[in-house]
Every structure is written in C-alpha cells, then in structure tokens.
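Student: got a predicted structure here, sequence first:
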Amino acid sequence: WYWSYEYSDFNNVEFDSYMIQLNNNNNFRLLDVDNRGVLPMNNQIRILITATDVIHSWTIPTFGVKVDANPGRLNPTSFFINRPGIFFGQCSEICGANHSFKPIGIGSI
C-alpha cells in the first residue's frame, strides 16, 4: 500500500510515498515513509483526498485530521500547522490486507 501526492500549485509535482522497510536503524517503526510530503507552517492548508481502489482514511492525529478517501469522489479538508516538525499518521480504515502498513509522513517548514 502507498499514498500518492500531487502538488498542483507547483508545476504538477507528483510522488508516491511507501513505508520504509523494517530495520534496526529506523526509530519510527511502521510509521516512517520513503518520501514525506512537505507543507508550509503558519498557512491554511487545503487538500483533496480520493482513492482508486477501496475506501481509505488519511489520518494525522496531531493535526486533528481524518478524511475518508473514496473511489470516484474528491473529499476536501483544511487544517493549520503552527509549528515545524515531522508528523506521522496512518490509514485508519480497514481497507484490506496490510492496511496498517499504509503510513503517512508530513514535514512542515
């Protein structure tokens, strides 16, 4: 499982974000990803969430955000990041085998 991100405001930057494989050097077991999304702090953030296969849920508890990703539908949400850091979340919908291996990593600067 993985998340795909698109920054449509910045020349259509697109990337996929996969969970980092387990090893002894990883301090954030089952949470860290190979490509973190980066968002500005002290700005209102608006995102659109969708899915292509089954229902997922994009959740970052620190931001107070939980948005369902439904196939064929764009679900909007907004939030405000008031400090720099790295924030983690996970898919919080039972979306199939290995659903708990769909982490979210966001950095704010």
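Tutor: The structure has been received and is ready for your questions.
Student: low-confidence stretches in this protein?
Tutor: Along the chain, the model assigns pLDDT under 70 to residues 23-27, 98-100.
Student: for it, which segments count as strands?
Tutor: Under the criterion DSSP state E, the chain contains strands at 2-7, 13-18, 37-39, 44-49, 56-60, 65-69, 75-80, 85-91, 103-108.
Student: parallel or antiparallel, list what pairs with the fifth one.
Tutor: In other words, strand 56-60. When sheet partners are counted by DSSP bridges, strand 56-60 sits next to strand 65-69 (antiparallel), strand 85-91 (antiparallel).
Student: OK, contacts around the residue most central in space within the chain?
Tutor: By Cα atoms, centre = their mean, the chain has its centre lying nearest to residue 104, at 3.7 Å. Contact analysis of residue 104 by Cβ atoms under 8 Å, 6 or more residues apart in numbering lists 3, 17, 33, 37, 58, 59, 60, 88, 89, 90, 91. Just so you know, the C-beta spots here come from the backbone N, C-alpha and C atoms, and that holds for glycine as well.
Student: how near is it to residue 11?
Tutor: Applying Cβ to Cβ, to the nearest Å, the value for residue 104 to residue 11 is 23 Å.
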